[in-house]
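1. coords please:
(2 chains)
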Amino acid sequence: MRLRPRVRLHVLTGFLGSGKSTLLRRYLHGSANAGRTAVLINEYGKVAIDHVLVSAVSPLSQAIAGGCACCTVDDALRQALVEILAAGERDPETAVTDIVFETSGLADPSRIIGTILGDRDLAEYLEVSNCITTVEAGSDTDVLERFPEARNQIACANRIVLTKADLSAAGEAARTAERLKQMNPLALVTSSNDDFDLAAPIEEPRSAFPADAVPAPVVHSQGLETFHVEIDRHMMWPMFSVWLTAVMHRHGSSILRFKGVIPLGRADRALVLQSVRHRVSVPEHLQWTQEQKDPFGLVFICEGNYERRIRESLSAFASLGISSALQLHFLRAAHKLCT
Amino acid sequence: MCEVCAVFGRGKHWTARASGESTALEAFDIRRHRDERREALRVLNAVLRDEGVHVADWDGESYQLVLPTGAFVVAADLADVWPALKRLGLEAPDLLSRQFLERNE
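-> Numbers count the residues shown, from 1 in each chain, chains lettered A, B, ... in the order given. Alright, predicted model coming up:
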């Protein structure tokens, strides 16, 4: 008999750029239980960017980078879960009550849930409470048609959160919600604008998480390439934005996603930049210290062979140099910091 | 431009929202933003030097693309510069192409 309740695991999934991290950060900012919620973030690329953003609001966050947890890094996921649970057993006073696992945008959550529930040690201490899938309003006509990963994520959810409704055309969010209800009538479909407690149990939980679930084979879309490109700290925003807009104009349909941290010409700030297909978000400022070892760079997910071409193009672009007026600004900014 | 005080600010496009202390305020740190715009124009003209088109500032937020014949179009923001080339009968350069790389080696 268990004397303490199992730790609740919430799998947060959704296709590339559908707003998982934004939802997670909002939850961590607003939830009274955030201090007892551990966060695990799986990223498809070798360098974890989301973790940098979430760690600013959750010291209990960890990154699992370098592949998708549903197929290549499930050992790392298991190890991270075991460590969290073991820490709770050692010190019940500070034990976490909830774990949020943010999957990569290409993950099949049913396989992850199957892996966890199929592990006797983990199943003894964990219960899968929710599988929350974020879906961008209006993306059903493109993303859901093209990518089986996105359809799997919807099929597995017991809660679907419609995101970016404010960026979509009138009526599009309602139409997407209707389609999602048809695809998964068992899930609760809500909007990211609604009051939202990510860890709240759903009254009628979907019975889709049987302990004997057999994970289906993973079939990721063919020809997807993920890579990290370092950005030279002298590559400043004006130059970089010209390069990026030109590249996105010609290749935006093949560059499914990019996300990363780029230099701003100041020692204490950097810019977080991300896109979903042609749509690039307004850059966010991030507090940045010189002690941080992470280099500036972007993780790209592309259809086709882009890694070499993007590296070479950025390198060639850097040869265009930087104007003396802007150099003066950077000198002033550096001087301000030192005095 | 701020319609109330007629001060040129920064545009609402994501390319205009990076610099300064805040990505939200319209005219904050505007001098740096102006210098960055000048820098973007210098880079744009370097990239487009073989296309026979000159890009100039338009209203502090947009860009004017001018041909030697005097024909011109206005691009609403930096991302619109590339589709605007088509409106002038030109093709946007492919910065990932071998041709571009060789030219800038």
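2. dump the residue contacts of A:Gln153.
-> Applying Cβ atoms under 8 Å, 6 or more residues apart in numbering or on different chains to A:Gln153 gives the contacts A:Thr13, A:Gly14, A:Phe15, A:Ala107, A:Asp108, A:Pro109, A:Thr133. Yep, even glycine has a C-beta here, placed from its N, CA and C like the rest.
3. What residues are bridge-paired with the last one?
-> A:Thr133 has these beta-bridge partners by DSSP bridges: A:Thr13, A:Ile160.
4. next one: the longest helix along chain A to chain centre, how far?
-> Identified as the longest helix of chain A according to DSSP state H is helix A:74-90. Taking Cα atoms, centre = their mean, to the nearest Å, one finds helix A:74-90 lying 21 Å from the centre of the chain it belongs to.
5. For it, buried residues please.
-> A:Asp74, A:Ala76, A:Leu77, A:Arg78, A:Ala80, A:Leu81, A:Ile84, A:Leu85, A:Gly88 (16 or more other Cβ atoms under 10 Å in any protein chain shown).
6. other SSEs contacting that helix?
-> Secondary-structure packing of helix A:74-90 (3 or more Cβ pairs under 8 Å, 6 or more residues apart in numbering or on different chains; DSSP states H and E): strand A:7-14, strand A:37-42, strand A:61-64, strand A:98-102, helix A:109-117, helix A:120-125.
7. Minimum distance to A:Asn152: which of the ones you listed has it?
-> A:Asn152 lies closest, by Cβ to Cβ, to one member of the helices and strands packed on helix A:74-90: helix A:109-117, at 6.5 Å.
8. mean confidence score for that closest one?
-> Average pLDDT, helix A:109-117: 76.
9. Output it as PDB, nothing but the C-alphas.
-> What follows is helix A:109-117, C-alpha atoms only, in PDB (Å, rounded to 0.1, in the frame of the first residue of the first chain):
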ATOM      1  CA  PRO A 109       3.500  11.000 -26.900                       C
ATOM      2  CA  SER A 110       1.800   7.600 -26.900                       C
ATOM      3  CA  ARG A 111       5.200   6.000 -27.200                       C
ATOM      4  CA  ILE A 112       6.600   8.000 -24.300                       C
ATOM      5  CA  ILE A 113       3.600   7.300 -22.100                       C
ATOM      6  CA  GLY A 114       3.900   3.600 -23.100                       C
ATOM      7  CA  THR A 115       7.500   3.600 -22.100                       C
ATOM      8  CA  ILE A 116       6.800   5.100 -18.700                       C
ATOM      9  CA  LEU A 117       3.800   3.000 -17.900                       C
END
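10. And it, what does it pack against?
-> Helix A:109-117 packs on strand A:7-14, helix A:74-90, helix A:120-125, strand A:126-136, helix A:148-156, going by 3+ Cβ pairs under 8 Å, 6+ apart.
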